[in-house]
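Q: 3D model of this:
(chains A and B)
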2 protein chains.
Amino acid sequence: MTAHELRAWAPDGLPEVVPGDDLVALVVSALRADPEPSHALVDGDVVVVTSKVVSKAEGRVVAADDREQAITDETVRVVATREHPGGVTRIVENRLGLVMAAAGVDASNTPEGTVLLLPVDPDASARALRAGLRAAFGVRVGVLVTDTAGRPWRQGVTDLTIGAAGVQVLDDLRGQVDTFGRALTMTVAAVADEVASAAELVKGKASGRPVAVVRGVGHLVTDDDGPGARVLVRTGPDDMFHQGSDEAYAQGWKDALAGDGAPGASR
Amino acid sequence: MTAHELRAWAPDGLPEVVPGDDLVALVVSALRADPEPSHALVDGDVVVVTSKVVSKAEGRVVAADDREQAITDETVRVVATREHPGGVTRIVENRLGLVMAAAGVDASNTPEGTVLLLPVDPDASARALRAGLRAAFGVRVGVLVTDTAGRPWRQGVTDLTIGAAGVQVLDDLRGQVDTFGRALTMTVAAVADEVASAAELVKGKASGRPVAVVRGVGHLVTDDDGPGARVLVRTGPDDMFHQGSDEAYAQGWKDALAGDGAPGASR
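A: Numbers count the residues shown, from 1 in each chain, chains lettered A, B, ... in the order given. Below is the predicted model:
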């Protein structure tokens, strides 16, 4: 590998993860079983784990007939809803600050009759995995826990980072200049989400490979566990899309007739 | 390389691109100059080019004092605006269907006193690059033209695909099943945006390396040029965030007082 080069690979899948499993041991086994010598973990590698297997090991499985209740329980704030023939899609902010359809509650990749909630604390899960990988392999790696989500204005889903340990998730380029010596205007790169995307390309969605290793981004790997993925969340006053357009419109209408609020102040 | 493995690298940068330059020739030269033997292009590689150099070759440079006018000219529809101490940020849908701050008009990586517009037709630019690469190297590669954008609810910017040729930009998994035999719920992956993100990790923003090669996603490379990146755009009736919350709220308020419209119908 040269500088400005990246490699990512996904070792053969884990056995089916069930509640109470030792996820660290399973991930370590999967990495050890990789027959390719160059895949042995080295300092600066980033290990990317799909949140589904973290959730399963943590026992975050509930009966499918509680799905709507599970979404409600995970919801801090409803952002937008949309009726469709199969029911109602709820885009919500969940307790992790993530804005996702169905609060991130997932009905695929689980046994029939069950749905899967997101991990309780994905940053803590990432930290535990990192400590376990260091203990097993004696290397300083970063760990990302990822999930899949849709995005406004773009077709298709991409993976993003919902838990992190030992990875600088945002690369702050403020103070750096471009090749003309002008300050960079797009100053903070969400590098952890880009690593999550690269990892997804090798893991795939139907391949049963929930773990990937990304090599070549060692400049993002830190000694400390760091602040985790929570700093990737942008909600609050900064959020220009804190309500769906229909919801905000309806609220404005209602407030106008009630004599409350003021135009231009949707909260 | 094994299956389920990806490599990405960014060869040394191009010379500074100026209007009228033959971008195909510059990219071919940069790829030819790469001293690493394993970096020679092969069938199935995807060549990712930052839109900035495409724009420059196409002469999409305008005087900086026309910046606000340039944004207006590129705008099809204003989605949201936000005042801040330095002026007003406009999030708009541009003529390519992309929803971006400042319509994608960029003030970095250009000579002082100028700003850069997006390419006129990034899909056409990608097709031309692809044809040129095939002629030069005799291989069937895909080409992506990428740009950098922010996202609702997430800190930091990521790269995404705004032009494509010979790459299946959406990977439609409908009909596939997970390891439990259940239909996948997240059914369409925006793989071209994930490739753009992987490429950005090796190109960087301040390194003067506008070209990357991604190897290992050959299953996405097609014989035909295909529909391009336009199919990644999701605007129209499907778009639950076609207006910023404040804008939709104000519209609802106004319509209520005018006796127009109806609650819940923001357009």
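Q: Going by C-alpha atoms from here, please, whenever you check contacts or count neighbours.
A: Noted.
Q: Which stretches in chain A count as strands?
A: A:5-9, A:46-50, A:61-63, A:75-84, A:87-94, A:99-101, A:114-116, A:142-151, A:154-165, A:171-172, A:188-189, A:211-215 (DSSP state E).
Q: could you redo those strands as a markdown table and give each row distance to residue A:243 and mean neighbour count?
A: Below are the strands of chain A laid out as a markdown table (distance: least, C-alpha to C-alpha, whole Å; neighbours: other C-alpha atoms under 10 Å in any protein chain shown):
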| stretch | distance to residue A:243 | mean neighbour count |
| --- | --- | --- |
| strand A:5-9 | 37 | 25 |
| strand A:46-50 | 28 | 28 |
| strand A:61-63 | 28 | 17 |
| strand A:75-84 | 5 | 17 |
| strand A:87-94 | 9 | 18 |
| strand A:99-101 | 11 | 23 |
| strand A:114-116 | 26 | 21 |
| strand A:142-151 | 14 | 25 |
| strand A:154-165 | 18 | 26 |
| strand A:171-172 | 28 | 16 |
| strand A:188-189 | 25 | 22 |
| strand A:211-215 | 34 | 27 |
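Q: Now residue A:13: closest residue in space that isn't a chain neighbour?
A: residue A:209 (4.2 Å; C-alpha to C-alpha, 6 or more residues apart in numbering or on different chains).
Q: so what's the one you found up against?
A: Shown in contact with residue A:209 (C-alpha atoms under 8 Å, 6 or more residues apart in numbering or on different chains): A:10, A:11, A:12, A:13, A:14, A:203.
Q: count of residues packed around the third one?
A: This means residue A:12. Using other C-alpha atoms under 10 Å in any protein chain shown, residue A:12 is surrounded by 19 other residues.
Q: circling back: and the contacts of residue A:209, which is closest to chain B?
A: Taking C-alpha to the nearest C-alpha as the measure, chain B lies nearest residue A:10 of these, at 5.6 Å.
Q: Surely the closest one touches residue A:213?
A: Yes: at 6.4 Å, residue A:10 and residue A:213 qualify as touching, with contact defined as C-alpha atoms under 8 Å.
Q: got any residues that touch both of the two?
A: Joint contacts of residue A:10 and residue A:213 (C-alpha under 8 Å, 6+ apart) are residue A:199.
Q: what bits of chain A have low per-residue confidence?
A: Counting by pLDDT under 70, chain A has low-confidence residues at A:1-2, A:177-186, A:206, A:260-267.
Q: go again using 80 as the cut-off
A: A:1-3, A:86, A:107-109, A:174-186, A:205-207, A:260-267 (pLDDT under 80).
Q: What's the biggest helix in it, counting residues?
A: Longest helix in chain A, counting residues (DSSP state H): helix A:122-137.
Q: Disregarding residues adjacent in the polypeptide, which is nearest to residue A:213?
A: In space, residue A:213 is closest to residue A:47, 4.6 Å off (C-alpha to C-alpha, 6+ apart).
Q: er, residue A:34 I mean
A: Using C-alpha to C-alpha, 6+ apart, the nearest residue to residue A:34 is residue A:11, at 5.8 Å.
Q: can you check residue A:172 too?
A: Residue A:172 sits nearest to residue A:188 (C-alpha to C-alpha, 6+ apart), 4.4 Å away.
Q: What about the residue nearest to residue A:105 when sequence neighbours are not counted, how many residues nearby?
A: Closest residue to residue A:105 apart from its sequence neighbours, by C-alpha to C-alpha, 6+ apart: residue A:117 at 4.8 Å. Counted by other C-alpha under 10 Å, the residues lying close to residue A:117 total 23.
Q: Residue A:117: what's it in contact with?
A: Per C-alpha under 8 Å, 6+ apart, neighbours of residue A:117: A:55, A:60, A:61, A:62, A:70, A:104, A:105, A:106.
Q: Look up how far residue A:43 lies from it.
A: Separation of residue A:117 from residue A:43 (C-alpha to C-alpha, to the nearest Å) stands at 32 Å.
Q: likewise residue A:54?
A: Taken as C-alpha to C-alpha, the span from residue A:54 to residue A:43 is 23 Å.
Q: between these two, who's got more neighbours?
A: Counted by other C-alpha under 10 Å, residue A:54 and residue A:43 do not tie: residue A:54 has more neighbours, with 28 against 15.
Q: Leaving out chain neighbours, which residue sits closest to the more buried one?
A: residue A:119 (6.3 Å).
Q: Residue A:15 versus the one you found, what's the distance?
A: Taking C-alpha to C-alpha, one finds residue A:119 at 19 Å from residue A:15.
Q: neighbour count winner among these two?
A: residue A:119 (23 against 11).
Q: Is that one in contact with residue A:53, as I believe?
A: No: applying C-alpha under 8 Å, one finds residue A:119 not in contact with residue A:53, separated by 9.2 Å.
Q: Who are the packing partners of the longest helix of chain A?
A: helix A:23-32, strand A:142-151, strand A:154-165 (3 or more C-alpha pairs under 8 Å, 6 or more residues apart in numbering or on different chains; DSSP states H and E).
Q: at 6 Å instead, please
A: Packed against helix A:122-137, as judged by 3 or more C-alpha pairs under 6 Å, 6 or more residues apart in numbering or on different chains; DSSP states H and E, are the following elements: strand A:154-165.
Q: what is the orientation angle of the strand it packs on with strand A:142-151?
A: 150 degrees (axes from the mean of the first three to the mean of the last three C-alpha atoms, to 10 degrees).
Q: wait, does strand A:154-165 make contact with chain B?
A: Yes: contact between strand A:154-165 and chain B, assessed by C-alpha under 6 Å from any C-alpha of the partner chain, occurs at A:154, A:155, A:156, A:157, A:158.
Q: hmm, back to that, pull out the buried residues from the longest helix of chain A.
A: Within helix A:122-137, the residues that count as buried by 16 or more other C-alpha atoms under 10 Å in any protein chain shown are A:122-134, A:137.
Q: JSON lines please, covering these and showing distance to residue B:35.
A: Listed next are these as JSON lines, based on distance: C-alpha to C-alpha, whole Å:
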{"residue": "A:122", "distance to residue B:35": "42"}
{"residue": "A:123", "distance to residue B:35": "41"}
{"residue": "A:124", "distance to residue B:35": "43"}
{"residue": "A:125", "distance to residue B:35": "42"}
{"residue": "A:126", "distance to residue B:35": "38"}
{"residue": "A:127", "distance to residue B:35": "39"}
{"residue": "A:128", "distance to residue B:35": "41"}
{"residue": "A:129", "distance to residue B:35": "38"}
{"residue": "A:130", "distance to residue B:35": "36"}
{"residue": "A:131", "distance to residue B:35": "39"}
{"residue": "A:132", "distance to residue B:35": "39"}
{"residue": "A:133", "distance to residue B:35": "35"}
{"residue": "A:134", "distance to residue B:35": "35"}
{"residue": "A:137", "distance to residue B:35": "33"}
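Q: What residues does the stretch 51-200 of chain A have near chain B?
A: So the stretch 51-200 of chain A meets chain B at A:108-109, A:153-158, A:178, A:184-185, A:188-190, A:194, A:197-198 (C-alpha under 6 Å from any C-alpha).
Q: Could you measure from the residue nearest to residue A:213 over to residue A:216?
A: Counting by C-alpha to C-alpha, the gap from residue A:47 to residue A:216 is 12 Å.
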